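Peer 1: Quick one, structure for this:
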Amino acid sequence: MQTIKGFEISHHEKSKRIYNIKISDQILEKLLFSFNKFDLTALELKPFSRFTIAKSLDDLTDRKLGNLMNSILRDRNTGCFIISPLHKSSKLDENFFVKLSTAISHLIGNPNHDSMAGKYYARFHVKHEDKSDSYLRKAYKNMDLHTDGTYVKETTDWLLMTKLEEKNAEGGQTAMLHLDDWEYCEELFNDPISKENFIWGSPKSKNVDYKVEHPVFSKDENDKPQISYIDQFPEPQNMAQGNFLQKLSDSLEESRNKIITKLPVGSAIVANNYFWLHGRKPFVENKQLSRELLRIRGKFFQKNHIN
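Peer 2: Presented below is the predicted three-dimensional model:
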């Protein structure tokens, strides 16, 4: 396993497919100093500044961190890591974690414009009451396993999710499933309907005014299955497509190989979006519940442009 000074790198306790990357206090102190030069408005309005803070992070590791993260995400056997501070600190506020998430994402690739938020990242609250039009903010509903970017034209190779806040929260664990660990992958991948084009739309809150067409499954460069699926947004055009989606949904949620883990505040989980599915377990009802998550998703750099 690769070593980087100032970082603790290990396998996740529940899966060797997931790496834990812990950032030392010394590295965090240096990042606090370099990040303070940029406020969030500058990062949102000046795209080049995002690469500046990404470079400041990578330079602290002699450019080893960016290479490690890319190698993990592109490796079919892994494809996921959780990166977080080694220790909690009151100095590490929400703004810091937005900047850290920005730096991490810009060492991996180019983030997509998030139409829901109108910028390269989105922040969304989960609270006791919700009147939204998707499962994203419904605290007491199970968010079934899915991938991101199913309803947009942009390529969505990877996904980053950072927990910015969580108060009065019980439950709400993150659920993950690697495609190669899913018991029904081969069966459903080989179903001819899986290669048909499905229509994918989205609710008004997503601010996407078009629909796209693509199959649920495709193949990667090594002819292994890739998936692009979310339960809420496909628009089946006949009985066969509807029944296929029901079987797909049921078999994902019934999988015994799901990884259920609780992410601490300040942790970011980053995953390959084509062979990892993610979801969330319901929270226990609490009127004071408050949880905020940051999301960035995008396209890998070409391999010769990683650094």
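
Peer 1: does Ile230 count as helix, strand or coil?
Peer 2: Three-state assignment for Ile230 (DSSP: H, G, I helix; E, B strand; the rest coil): coil.

Peer 1: I misspoke; the intended subject was Ser205.
Peer 2: Under three-state DSSP, Ser205 falls in the helix class.

Peer 1: Repeat that for the one 4 residues further on.
Peer 2: Secondary structure state of Asp209, per three-state DSSP, is coil.

Peer 1: Tell me, how many residues neighbour it?
Peer 2: Neighbour count of Asp209, defined by other CB atoms under 10 Å: 8. All C-beta spots, glycine's among them, are computed from the backbone N, C-alpha and C.

Peer 1: same deal with Lys153?
Peer 2: For Lys153, using other CB under 10 Å, the count is 10.

Peer 1: Also Leu32?
Peer 2: Number of residues near Leu32 (other CB under 10 Å) recorded here: 16.

Peer 1: Repeat that for Gly298.
Peer 2: 24.

Peer 1: That one and Met161, how far apart?
Peer 2: Gly298 sits 13 Å away from Met161, taking CB to CB, to the nearest Å as the criterion.

Peer 1: Without its sequence neighbours, what residue ends up closest to Pro264?
Peer 2: Ser84 (6.4 Å; CB to CB, 6 or more residues apart in numbering).

Peer 1: And the host helix or strand of that neighbour, what does it pack against?
Peer 2: For Ser84, the host element (DSSP states H and E) is strand 80-85. For strand 80-85, the packing partners by 3 or more CB pairs under 8 Å, 6 or more residues apart in numbering; DSSP states H and E come out as strand 15-23, helix 64-74, strand 268-272.

Peer 1: Strands of the stretch 1-150 of the chain, residue ranges please.
Peer 2: Secondary structure of the stretch 1-150 of the chain (DSSP state E, counting those that start in this stretch): strands located at 7-12, 15-23, 80-85, 109-111, 122-127, 143-146.

Peer 1: returning to that earlier point: out of the helices and strands packed on strand 80-85, the one nearest Thr155 is which?
Peer 2: In terms of CB to CB, the element of the helices and strands packed on strand 80-85 nearest to Thr155 is strand 268-272, at 12.4 Å.

Peer 1: what about this structure, any weak spots by pLDDT?
Peer 2: Applying pLDDT under 70 to the chain flags residues 133-136, 303-307.

Peer 1: if we go to 50?
Peer 2: Applying pLDDT under 50 to the chain flags the ranges 306.

Peer 1: just the helices in this structure please.
Peer 2: Using DSSP state H, the helices of the chain run over 25-35, 40-45, 47-59, 64-74, 94-108, 185-189, 239-253.

Peer 1: which residues sit in contact with the residue nearest to Glu186 when sequence neighbours are not counted?
Peer 2: Sequence neighbours aside, Pro225 is the residue nearest to Glu186 in space, at 8.0 Å (criterion: CB to CB, 6+ apart). Taking CB atoms under 8 Å, 6 or more residues apart in numbering, we find Pro225 in contact with 179, 185-186, 189, 217-219, 275.
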